[in-house]
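S.K.: here's a sequence, model it:
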Amino acid sequence: QVQLVESGGGSVQAGGSLRLSCAASGGTFSHYYMVWFRQAPGKEREFVAFVNRSGGSTYYGDSVKGRFTASRDNTKNAVYLQMNNLNPDDTAIYFCAADESGFSHRAEDYQYWGQGTQVTVSS
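M.R.: As a prediction, this is how the structure comes out:
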């Protein structure tokens, strides 16, 4: 079973950038499909980005396409989310999650979750 710990969140002004990291331990990291979700206050958890097991394929939610880039380094057991041109609507807690089953944009399809990292974007 894999454990996930996110880092890299913080406060930034609109137009700025942040890079989130998610460190994995336990299990064989390359066996897991990795995904980023976010949840803003009072809203449902929203799909942000997906990275396949090799890192060769990625998918993004419509609201972040062209601004966010997901990647992974299987030698470091880590997945990343580079976030550029941030705006206040990106304010949320960002979670990484893992599963061995494959691509899904539904949160309930992912078995393992980190504790989240807060991203706050001010105008």
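S.K.: for the protein, just list every one of the strands.
M.R.: Assignment of strands within the chain using DSSP state E yields the ranges 3-7, 10-13, 18-25, 33-39, 46-51, 58-60, 68-73, 78-83, 92-99, 112-113, 117-122.
S.K.: give me the number of residues near A40?
M.R.: The number of residues packed around A40, counting by other Cβ atoms under 10 Å, is 14. All C-beta spots, glycine's among them, are computed from the backbone N, C-alpha and C.
S.K.: quick one: contacts for the closest residue to it other than its chain neighbours?
M.R.: Computed as Cβ to Cβ, 6 or more residues apart in numbering, the closest residue to A40 that is not its neighbour in sequence is A92, at 4.2 Å. For A92, the contacting residues are R38, Q39, A40, K43, E46, Q118, V119, taking Cβ atoms under 8 Å, 6 or more residues apart in numbering as the criterion.
S.K.: please, a ChimeraX command that selects the buried ones among those residues?
M.R.: The command below creates a ChimeraX selection of those among the contacts of A92 that count as buried (16 or more other Cβ atoms under 10 Å):
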select :38,46,119
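S.K.: dump the contacts of A92 to a markdown table, plus pLDDT and distance to S101.
M.R.: As requested, those are arranged in a markdown table below (pLDDT from 0 to 100; distance: Cβ to Cβ, whole Å):
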| residue | pLDDT | distance to S101 |
| --- | --- | --- |
| R38 | 98 | 21 |
| Q39 | 98 | 21 |
| A40 | 97 | 26 |
| K43 | 96 | 25 |
| E46 | 97 | 20 |
| Q118 | 98 | 28 |
| V119 | 98 | 27 |
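S.K.: quick check: the residue most central in space within the chain vs A107, distance?
M.R.: Residue closest to the mean C-alpha point of the chain, counted by Cα atoms, centre = their mean, is W36 at 2.4 Å. Relative to A107, W36 is positioned 11 Å away (criterion: Cβ to Cβ, to the nearest Å).
S.K.: could you do S25 as well?
M.R.: 22 Å.
S.K.: more neighbours, those two?
M.R.: For S25 against A107, the residue with the higher neighbour count under other Cβ under 10 Å is A107, and the figures read 16 against 11.
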